[in-house]
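J.: my questions concern the predicted model and sequence given below.
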Amino acid sequence: MTAAPAAGRAPFGARLAAAMDDHGPLCVGIDPHAGLLDAWGLTDDAAGLREFGLRVVEAVGGRVAAVKPQAAFFERHGSRGVAALEEVVAAATAAGTLVVMDAKRGDIGSTMSAYAEAFLRDGSPLAADALTVSPYLGFGSLDPAVELARATGRGLFVLCLTSNPEGHEVQHARTLDAGATVAARMAAHAAALNADAETLGSIGLVVGATIGDAAARTGTDLAAVNGPLLAPGVGAQGAGARELAEVFGTARRQVLASSSRGVLRAGPDVAALRSAARTASDEAAAALRG
Ligand SMILES: O=c1ccn([C@@H]2O[C@H](COP(=O)(O)O)[C@@H](O)[C@H]2O)c(=O)[nH]1
C-alpha cells in the first residue's frame with residue numbers, strides 16, 4: 001500500500017487512477033481564449049474569465065476525471081484574472097473534480113520552492129491537485145516541487161514530449177554523457193520517483209497525443225514510468241482516438257487525454273458542453289481502455 005502523505009490526502013496518482021476508473025480518462029482544459037470568450041458572449045476581462053471557468057466547472061464538475069485550467073489565460077488579466085482562477089479552482093475542488101494547474105513552472109531550485117508553495121501547498125489559494133512543470137533547467141531543479149507534492153498528496157506533470165511541432169529540437173536531442181535523448185532521461189527520472197507506487201505514481205509526464213512514433217524514436221519508455229501521462233493535443237491540435245492508441249501503445253492505461261478547445265467550442269450552453277465532454281471522454285476510453 002502506498003503511504004498516505006502527511007496532509008492525510010491519498011497520493012495524487014492513486015486519486016487520479018480512481019477518478020479515471022469512475023469517470024473515464026478525460027481532462028477538460030479550461031482555456032479562456034479571447035476568441036472563445038467572444039463566441040460565448042463574454043467580455044475579455046476578469047468577469048468574463050470567471051464566468052467562463054465556472055460554466056465549464058458547472059458542465060463537467062463531478063463528470064470527468066480532471067479539469068486543467070491554463071494559467072496563462074487568467075494571468076493575461078493580472079491580479080483580477082488570478083483571482084478568477086482561484087475561484088475556478090475552488091469550484092472544481094468543491095465539485096470533487098481533480099484540478100491540474102497548467103502553469104508549466106520551472107526555475108532554479110530556490111525559486112522553484114516558491115512556485116511549489118504557490119501551487120502545491122495546503123492553504124494556498126492557487127493550490128491544485130497537480131501542476132505542470134518544465135524540467136529544462138535540469139530535472140533536479142524540480143526537487144522542491146517533488147518534495148512538496150509528495151508531502152501533500154499532490155502530483156506533477158513533467159514536460160517530456162510536448163504536443164507542439166517545435167519540441168523535438170530540445171526533447172529529441174542526445175545528452176553528451178549518456179547519449180540518451182533528453183526525453184528518455186526525463187522519463188527515467190520520473191520512473192525512479194514512482195518506483196515505490198503500487199497503483200499509479202504521482203510524478204507524471206506530459207506527452208502529446210500528436211507526437212506519432214516519437215516515444216519509440218527517442219527511446220522513451222512510457223510504460224516504465226509507472227505514473228500518469230497527460231496527453232494534450234486531442235481535438236483542436238488534430239489528435240483523436242486513433243492517435244491516442246498509436247502514441248501510447250502498452251502505456252495507454254496510464255493516459256489522461258486532454259482536450260480544451262475541442263470541448264469548449266461547444267459552449268456556452270452547459271448541456272452542450274457536457275455532451276461534448278461526454279463524447280470526448282467516451283472516445284478516449286474506447287481508444288485507451290478498449
Ligand atoms: O505539450 C503540451 C503541453 C500543454 N499543452 C496545453 O494544453 C492545452 C491544449 O489546448 P487545445 O485547445 O486542446 O489545443 C493548452 O492549454 C496548452 O497550453 C499543449 O497543448 N501541449
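T.: Okay, I see it. Just so we're clear, the structure is a prediction, and the values are computed from it rather than from any experiment.
J.: for R274, give me its contacts.
T.: For R274, the residues meeting the contact criterion (CB atoms under 8 Å, 6 or more residues apart in numbering) are A59, V60, R63. C-beta coordinates here come from the backbone N, C-alpha and C atoms, glycine included.
J.: burial of A192, as a residue count?
T.: If you count neighbours by other CB atoms under 10 Å, A192 ends up with 13.
J.: near the ligand, which residues of this structure?
T.: Contact residues, the chain versus the ligand (CB under 6 Å from any ligand atom): 29, 31, 70, 102, 162-164, 206, 208, 232-233, 235-237, 258-262.
J.: would you agree V28 is in contact with A284?
T.: No. Using CB atoms under 8 Å, V28 and A284 do not qualify as a contacting pair, with a distance of 11.1 Å.
J.: returning to that earlier point: let's have the contacts of R274 in a markdown table, adding pLDDT.
T.: As requested, these are exported to a markdown table (pLDDT from 0 to 100):
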| residue | pLDDT |
| --- | --- |
| A59 | 98 |
| V60 | 98 |
| R63 | 98 |
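J.: most neighbours out of those, which is it?
T.: Sorting these by how many neighbours each has (other CB under 10 Å) puts V60 first, at 28 neighbours.
J.: contacting residues for that one?
T.: Contacts of V60 by CB under 8 Å, 6+ apart are V28, V67, T97, V263, L273, R274, A277.
J.: who's in contact with L26?
T.: Contacts of L26 by CB under 8 Å, 6+ apart are V64, A65, L256, A257, S258, S259, A277, A280, S281, A284, A285.
J.: tell me the phi and psi of G204?
T.: phi -100, psi 180 (degrees, to the nearest 10).
J.: contact partners for it?
T.: Listed by CB under 8 Å, 6+ apart, the contact partners of G204 are 13, 130, 155-158, 190, 225, 227-230, 254, 256.
J.: closest residue of the stretch 51-200 of the chain to the ligand?
T.: For the stretch 51-200 of the chain, the residue closest to the ligand is T162, as judged by CB to the nearest ligand atom, at 3.1 Å.
J.: where's that residue relative to A183, distance?
T.: 9 Å (CB to CB, to the nearest Å).
J.: if you count what's nearby, which of these two comes out ahead?
T.: Comparing T162 with A183 by neighbour count (other CB under 10 Å), the higher total belongs to A183, at 28 against 21.
J.: tell me which residues of the helix or strand hosting the more buried one are tucked away?
T.: Using DSSP states H and E, A183 sits in helix 182-193. For helix 182-193, burial by neighbour count (16 or more other CB atoms under 10 Å) applies to V182, A183, A184, R185, M186, A187, A188, H189, A190, A191, L193.
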